[in-house]
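Novice: Give me a 3D structure for the following:
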Amino acid sequence: MEFEKILNISVDCVVFGYDLKTKSLNVLLIKRYLESKNEILVDDYVLTGYHVYQHETLDETATRVLKELTGLTNQYKKQFKAFGSPDRLMGDKDLVWIKNEEFNLRTITIAYYFLLKTEDVDLNKNKYRAKWFPINDLPELGFDHKNIILEAYEDLKVKCLSEPIIFKLLPDKFTINEVQDLYQSILGIDIDNRNFRRKLINKKYIIALDEKQVGISKKPSQLYMFSVDIYDKMFQKNYLISM
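Specialist: Got it, this is the predicted structure:
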């Protein structure tokens, strides 16, 4: 069944994933490749994005983008900005690509970012040739997608300081060091280990488990979990004015 597209409105998705082994915050990108008569015209990477269907909300389009790219649903997502510069699709390679794909040159995109665990995405059978790239080592990007990624990254930095969204990037059971490594990876700073540990384990929504790491050669560390229920009870929204 063919759905009618809104030809000048799209949704682009920045998919962030954290790799515990490399301690790297990564972005999932797809290959953009075009050749003609054995000449390579376009060979770079882009975000995944689709035009919005007439019957869809923007959130539904973003969810569709993520599902088609990763097979995942119900991941943390945030709409963070609209990008509508008249020249956002006017690079030389972009024009070649657009002519081939018959895009609208004046397309406005609504940008979202998602948070997930890199190991939850199976790239071996990915038809888009998707690949993870460290946020600080991005490849050549098409359109204005580098700008979109950097804007999403700045929003993530601010957001992670006020809400516990980083636990969307971690396993259900984690160590204090893994939480610290993730914060350091996102914020690009070194954090004092003792102060961080003390503050984190004193949070009522960080639950110590009667378990330790397994399968490691060094001394296993205590495992913890994040309690959504306790956090929600502690931080219910209120709109009282305090003056």
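
Novice: Look up how far residue 125 lies from the spatially closest residue to residue 88 that is not a sequence neighbour.
Specialist: Nearest in space to residue 88, with sequence neighbours left out and distances taken as CB to CB, 6 or more residues apart in numbering, is residue 144 at 4.2 Å. Quick note: C-beta positions are derived from backbone N, CA and C, even for glycine. Applying CB to CB, to the nearest Å, the value for residue 144 to residue 125 is 30 Å.

Novice: Can you pick out the residue with more neighbours from these two?
Specialist: residue 144 (21 against 6; other CB atoms under 10 Å).

Novice: Torsion angles phi and psi at the more buried one?
Specialist: Residue 144 adopts backbone torsions of phi -100, psi 30, taken as degrees, to the nearest 10.

Novice: Do I have it right that it meets residue 85?
Specialist: Yes - counting by CB atoms under 8 Å, residue 85 is a contact partner of residue 144 at 6.8 Å.

Novice: list the buried ones in the strand or helix carrying residue 233?
Specialist: Element membership for residue 233, per DSSP states H and E: helix 228-234. For helix 228-234, the neighbour count (16 or more other CB atoms under 10 Å) marks residue 231 as buried.

Novice: on that earlier part again, please name the residues that touch the residue nearest to residue 88.
Specialist: 83, 85, 88-89 (CB atoms under 8 Å, 6 or more residues apart in numbering).

Novice: for residue 175, what are its contacts?
Specialist: 213, 221-224.

Novice: so where do the helices sit in the protein?
Specialist: Along the chain, counting by DSSP state H, helices occupy 58-70, 92-101, 145-160, 176-187, 193-201, 228-234.

Novice: which residues are in contact with the fifth one?
Specialist: This means helix 193-201. 176-177, 179-180, 183, 206, 208, 224.

Novice: Between those residues, which sits nearest residue 94?
Specialist: Minimum distance to residue 94 across the contacts of helix 193-201 is 35.6 Å, recorded for residue 183 (CB to CB).

Novice: State the number of residues packed around the nearest residue to the closest one once chain neighbours are set aside.
Specialist: Among residues not flanking residue 183 along the chain, residue 191 sits closest, at 6.1 Å (CB to CB, 6+ apart). Other residues near residue 191 come to 13 when the count uses other CB under 10 Å.

Novice: And this structure, split by domain according to the record?
Specialist: Domain ranges of the chain: 5-160, 170-234, per automatic domain parsing.

Novice: Span of the longest one from start to end?
Specialist: The first and last residues of domain 5-160 sit 34 Å apart, counting by CA to CA, to the nearest Å.
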